[in-house]
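Colleague: what's the 3D shape of this:
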Amino acid sequence: MPRRPSAPTLDRVSEEVRELSEDQTGADAGTQDAVLLFVGGPLDGRVEIREARHGEPLPTVTHVHLHGGPKVVHRYDLTPLGPQAGVYHLRPRQMVRDQSVAE
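Modeller: So this is what the prediction gives:
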């Protein structure tokens, strides 16, 4: 059975994100792209480059997974690491009962 590659640790990836953001010089923070890392859930390990033209990163990102069963919603909250870097952490799940179905 092939081994799965080990997942990146937050410490190592955070350092890489800081290095990427520090490498961008010559412009102020408002005109530079942001490097964003997702930790936990289905987006774990994803790195996104948010172009400066889109503005500041959102404080919360919602990911909805649609499949044959009920939809699965994950929310990620932003922790800034600097003006051009941040980490989205998976928000703990909240159990919500669907009120639209009659009992």
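Colleague: after the strand ranked longest in the chain comes which helix or strand?
Modeller: Longest strand in the chain, counting residues (DSSP state E): strand 72-82. Per DSSP states H and E, the first helix or strand lying C-terminal to strand 72-82 is strand 85-90.
Colleague: now do that following strand against strand 72-82, angle only.
Modeller: Here the directions of strand 85-90 and strand 72-82 differ by 150 degrees (axes from the mean of the first three to the mean of the last three C-alpha atoms, to 10 degrees).
Colleague: what strands flank strand 85-90, and is each parallel or antiparallel?
Modeller: Sheet pairing here is set by DSSP bridges, and for strand 85-90 it gives strand 34-39 (parallel), strand 72-82 (antiparallel).
Colleague: tell me where this protein has helices.
Modeller: With DSSP state H as the criterion, the chain has helices at 10-23.
Colleague: let me see the mean pLDDT of stretch 41-55.
Modeller: Average pLDDT, stretch 41-55: 94.
Colleague: buried sites along that stretch?
Modeller: With burial defined by 16 or more other C-beta atoms under 10 Å, the residues of stretch 41-55 counted as buried are Gly41, Leu43, Arg50, Ala52. For glycine as for every other residue, the C-beta is placed from the backbone atoms N, C-alpha and C.
Colleague: now those residues in CSV, with distance to Val35?
Modeller: Output for the buried residues of stretch 41-55, formatted as CSV (distance: C-beta to C-beta, whole Å):
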residue, distance to Val35
Gly41, 19
Leu43, 15
Arg50, 8
Ala52, 12
